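S.K.: need a structure here:
(2 chains)
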Amino acid sequence: MQKTFPRLMLEHASARPDAPALREKEYGIWQSLSWSALATLVRELACGLAQAGLQRGQHIVVVAENRPRLSAVMLAAQSLGAIPVPLYQDAAANEYIFPINNADIALAVVEDQEQVDKMIELRESCPQISRIWYDDPRGLRNYDTPGLASLDVLVEAGRAYNAQHPRFFDEQVALGQSSDVAAMFFTSGTTGNPKGVVHTHFTLIDRARAGAKFDKLGPAEEVLAYLPPAWIGQNIFSYAQWLACGYVVNCPESASTVTIDLKEIGPTYYFAPPRVFEGLLTTVMIRMEDAGRFKKWLFRNCMDLARRVGPALMDGKPVGPGDKLLYGLGNLCIYGPLRNSLGMSRVRVAYTAGEAIGPDLFTFYRSIGINLKQLYGSTETAVFVCLQPDNEAKADSVGVPIDGVEIRLADNGEILVKSPGLLKEYYKNPTATAEVLTADGWYHTGDAGFLDAGGHLKIIDRAKDVGRLIGGEHDGAMFAPKYVENKLKFFPFIKEAVAFGDKRERACAFVNIDMEAVGNWAEKRNLPYAGYTDLAQKAEVYDLVRDCIEKVNADLAADTLLAGSQIHRFLILHKELDADDGELTRTRKVKRGFIGQRYQLLVDALYGGRSSQFIETPVSFEDGRKGTVSADLKIMDVKVFPAVDKAA
Amino acid sequence: MAERRIGEVILDIKNISLAFGGVKALTDISFDVREHEIRAIIGPNGAGKSSMLNCINGVYQPQQGSINFRGQTFSHMNSRQVAKMGFARTFQSLALFKGMSVLDNIMTGRNLKMKCNLFRQALRWGAAEREEIEQRAYVERIIDFLEIQPYRKTPVGRLPYGLQKRVDLGRALAMEPSVLLLDEPMAGMNVEEKQDMCRFVLDVNDEYGTTIVLIEHDMSVVMDISDRVVVLDYGKKIGDGTPAEVRANPDVISAYLGTSH
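M.R.: Modelled structure (predicted):
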């Protein structure tokens, strides 16, 4: 029988009806939903949706945080052969217009009042939206919008329909083919309209299984679902692999309780983008700063030992008996409690991806005994392309191609992938599809990289972003902005960096300081400040950032290929780059081109040799209001180093 | 959005006068409160706003006048009886148990609902345990409603002021009041905290149908959220009506802005 998600769910429901499928913390208690209860809920929802007019091949939009009932809605839609389209719940209403109109979506299932308000706002731009169901009724009692109803109403209607047509649901599920489209994910897209990436049941289930086999995942895993469901990674970890393996997915109480919920659940399989790991480490370090002298001493010594011994132990390499004993002691007093306070006591496999992870950060987690690894993939490849095996995790590579994946390098260094998990197409966009997917089945990732001697894939940058320096000392040298930005961002004081240098003589950069880290640093030095803009322009902060950049420059100079990418001049921006202003993507990647245009004045000042520049920038606040931020920005020179000749 | 259903007069205050020795705190004050409405009492410092609230919930006993609540007339109220009749209040200067967790603080609001004696409660014996679970479930709904889940186990003293105010409101809500008396719920808050608190006050009124009597300093807040406003100055009533009416009242304007004599 062909595998589809609804069938996988029904298999679990008949094999282990009482085992928990989903848990959600509500009213302070973890409440479980068993596989059989889930099957009933999906059956009723599917009947309700069918009655509301959802047909095979049609799309339905889902805008919500992770909630059990919303996973059930996705399953219900798939049972009918319809296609759920999850969208980012924190996006502004106008960002939904394109996806909804593109897929001609008439039905929407959303989480709460906030999302309902957005849908109502879209009435004019998307007049075809006829029905909206919400999960959380709070604040919605007095809404009289036609077509708006609670999910409870949908479940009720479905229950009645199911009572009259008890075979309808099973017939619908039986009609499903694994080659049917299972879901569509809109890529954030740094330019132009987002593209709908179409995946079938086969592509998602195949990759989910390949990943599960690689890490020996089973039904005993516990996962915390806290990332946006519109992101394919979240779909893989908390939906595709959930149904493929039959483990338990736990939904946090609210976005603000994730760290508490993480501790309570103690997941065994965990994914987080590097910035989450970084955030956790920062909190630990800040708390350590306030600890007593003895504790600080103990922590420092234990961490020195961990850095020396931990990664080797993790990789299964031999370690002297003395060190082993000391590490055991360290585990008792520091590493174990630390893992526990991070909520990672039970983590067997943890992954990070999406951005480069700093070597110090990566080593920190591995050294305290957390099996943190990297993976490589994208929405188009259903995530799993390369994974790091347990004992071969390195900070600067992304692992080996797993089951079913072939990798080839194009002449320009671009990575090409062939895998059973490749997208079917971009929705209604054959030109874009043809651009990335060749007739013989190779997918163009757009990333530049190479395979190292051990067969591990290394990523340098986006192929299109790798630029050239023109004129000057390093004429014609490669300029890899992201590589440089990442090196800068590995410093805790630097939150974001934007490097410029393509088609120019030398490289310059914008920097965003990390408010928490720099704020703390300033307080320790009795440096008063009024807010971000004020703190960013302090001479002391400029010196601090300059020191960081000089270290990066020294590092870059050591590599002949990248010596030209050293930063000559920089400034600290007067505002934090924000997705609401279009400066970052929803996954927090800098839109370099857009930022270059928006702050053209500042770029000109950097290259024009000025020592300061006044700028006023419009900003939009979270509640949609507009305002402006203005400041006189200092510009500072940085020391650069002569390229070190490797032969010398 | 549909209009909230404002009902009959449930609280009728007639000719209340309160004096402390020679100081006349309130002189001949009369106003009424309707079911489900948000009724604001405003006035400059020392106008007698808190005294008025304290008369309603029985902390002070007025020398003259009467208070009629749902058909029963009292010459003065008694605070325990008032609580049983469905009144709850929050305090201008927070009166929370600083060392206790948010959860425990709100649980104290359920005290009147607990029937078991102290001995049983201490031992969590039989019915006492069941009761505790029931009351906890109710408190959890309030925690969810006020969005303070991340602080459930945090000692109240460690929370920022705005959140402490929210806990104070939570404890009052735990009494399942039909009338909620809020004594300067927004005092000392920043703009964002004020907006949050306004939203919660409106949500309480909307979701639980609670009648709300609030004292407030911040005119913009009062004008935005209340249905009717009564204005006091030097212990006398100088205005009563909808926010628009009150705003246009010359006596109110002079009390707030001063007049040239």
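S.K.: quick one, domains of chain A?
M.R.: Per automatic domain parsing, the structural domains of chain A span A:5-197, A:392-464, A:467-637.
S.K.: do you know how far B:Gly209 is from A:Lys213?
M.R.: Applying CB to CB, to the nearest Å, the value for B:Gly209 to A:Lys213 is 56 Å. To be clear about C-beta, it is placed using only N, CA and C from the backbone, and glycine gets the same treatment.
S.K.: A:Leu122 now?
M.R.: Using CB to CB, one obtains 42 Å as the distance from A:Leu122 to A:Lys213.
S.K.: Kindly report the same for B:Arg247.
M.R.: Separation of B:Arg247 from A:Lys213 (CB to CB): 71 Å.
S.K.: For chain B, what's its nearest residue on chain A.
M.R.: Taking CB to the nearest CB as the measure, chain A has A:Tyr27 as its residue closest to chain B, at 3.7 Å.
S.K.: next one: stretch B:194-206 to chain centre, how far?
M.R.: The chain centre lies 13 Å from the centre of stretch B:194-206; the measure is CA atoms, centre = their mean, to the nearest Å.
S.K.: Other residues contacting that stretch?
M.R.: Outside stretch B:194-206, the residues within contact range by CB atoms under 8 Å, 6 or more residues apart in numbering or on different chains are A:138-139, A:141-142, B:4, B:36, B:38, B:145-146, B:162, B:165-166, B:169, B:173, B:180, B:182, B:185-186, B:189, B:210-212, B:214, B:218, B:221, B:224-225.
S.K.: what kind of secondary structure is the residue nearest to A:Pro252 when sequence neighbours are not counted in?
M.R.: Setting aside the residues directly before and after it, A:Pro252 is nearest to A:Asp261 in space (CB to CB, 6 or more residues apart in numbering or on different chains), at 4.1 Å. Assigned state for A:Asp261: helix (three-state reduction, DSSP: H, G, I helix; E, B strand; the rest coil).
S.K.: okay, how far is it across stretch A:485-503, tip to tip?
M.R.: 18 Å (CA to CA, to the nearest Å).
S.K.: try stretch A:59-69
M.R.: With CA to CA applied, stretch A:59-69 spans 18 Å between its terminal residues.
S.K.: quick one, phi/psi of the residue of chain A closest to chain B?
M.R.: The phi and psi values for A:Tyr27, taken as degrees, to the nearest 10, are phi 50, psi 40.
S.K.: what's the residue of chain B found nearest chain A in contact with, if anything?
M.R.: Distance from chain A to each residue of chain B (CB to the nearest CB) is smallest for B:Glu140, at 3.7 Å. Contacts for B:Glu140 (CB under 8 Å, 6+ apart) come out as A:Tyr27, A:Gly28, A:Ile29.
S.K.: and the residue nearest to A:Tyr239 when sequence neighbours are not counted, how many neighbours does it have?
M.R.: Closest residue in space to A:Tyr239, ignoring its immediate chain neighbours: A:Ser71 at 6.4 Å, by CB to CB, 6+ apart. For A:Ser71, the neighbour count with other CB atoms under 10 Å in any protein chain shown is 29.
S.K.: re earlier: would you mind listing the residues in contact with the residue of chain A closest to chain B?
M.R.: Residues near A:Tyr27 by CB under 8 Å, 6+ apart: B:Ala137, B:Glu140, B:Arg141, B:Ile143, B:Asp144.
S.K.: B:Arg247 and A:Lys213: which is more packed in?
M.R.: Shown here are B:Arg247 and A:Lys213; by other CB under 10 Å, B:Arg247 has more neighbours (16 against 12).
S.K.: Can you show me the CA trace of the helix or strand hosting the more buried one as CSV?
M.R.: Assessed by DSSP states H and E, B:Arg247 sits inside helix B:243-248. Coordinates of the C-alpha atoms in helix B:243-248 are reproduced here as CSV (Å, rounded to 0.1, in the frame of the first residue of the first chain):
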residue,chain,number,x,y,z
PRO,B,243,-16.6,60.4,28.7
ALA,B,244,-17.7,62.9,26.1
GLU,B,245,-20.1,64.7,28.5
VAL,B,246,-17.6,64.8,31.3
ARG,B,247,-14.9,66.2,29.0
ALA,B,248,-17.1,69.0,28.0
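S.K.: Tell me the helices and strands packed up against the helix or strand following that helix.
M.R.: Moving toward the C-terminus from helix B:243-248, the next helix or strand (DSSP H and E) is helix B:250-257. Contact partners of helix B:250-257 among helices and strands, from 3 or more CB pairs under 8 Å, 6 or more residues apart in numbering or on different chains; DSSP states H and E: strand B:228-233, strand B:236-241.
S.K.: Which of those strands sits closest to B:Ala83?
M.R.: Checking the helices and strands packed on helix B:250-257 against B:Ala83 by CB to CB gives strand B:228-233 as the closest, at 23.4 Å.
S.K.: shaky segments in the chain?
M.R.: This is for chain A. Flagging of chain A using pLDDT under 70 yields the residue ranges A:1, A:188-191, A:559-561, A:622, A:645-648.
S.K.: right idea, wrong chain: chain B
M.R.: B:1-4, B:257-261.
S.K.: beta partners of the residue most central in space within chain B?
M.R.: Closest residue to the average C-alpha location of chain B: B:Leu181 at 1.7 Å, with CA atoms, centre = their mean. Beta-bridge partners recorded for B:Leu181 (DSSP bridges): B:Arg89, B:Val213.
S.K.: what sits against it?
M.R.: B:Leu53, B:Ile56, B:Asn57, B:Phe87, B:Ala88, B:Arg89, B:Thr90, B:Val213, B:Leu214.
S.K.: one step back: okay if I get the helices and strands packed on helix B:250-257 as TSV plus distance to A:Ala643?
M.R.: Shown next, in TSV, are the helices and strands packed on helix B:250-257 (distance: least, CB to CB, whole Å):
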stretch	distance to A:Ala643
strand B:228-233	75
strand B:236-241	80
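S.K.: Any idea which of those gets closest to B:Ser17?
M.R.: Of these, the one closest to B:Ser17 (CB to CB) turns out to be strand B:236-241, at 10.2 Å.
S.K.: Show me what that closest one is packed against.
M.R.: Using 3+ CB pairs under 8 Å, 6+ apart: strand B:236-241 touches strand B:23-34, strand B:228-233, helix B:243-248, helix B:250-257.
S.K.: Can you tell me which of those is packed in deepest?
M.R.: Looking across these with neighbours counted as mean count of other CB atoms under 10 Å in any protein chain shown, the highest average goes to strand B:228-233: a mean of 24.
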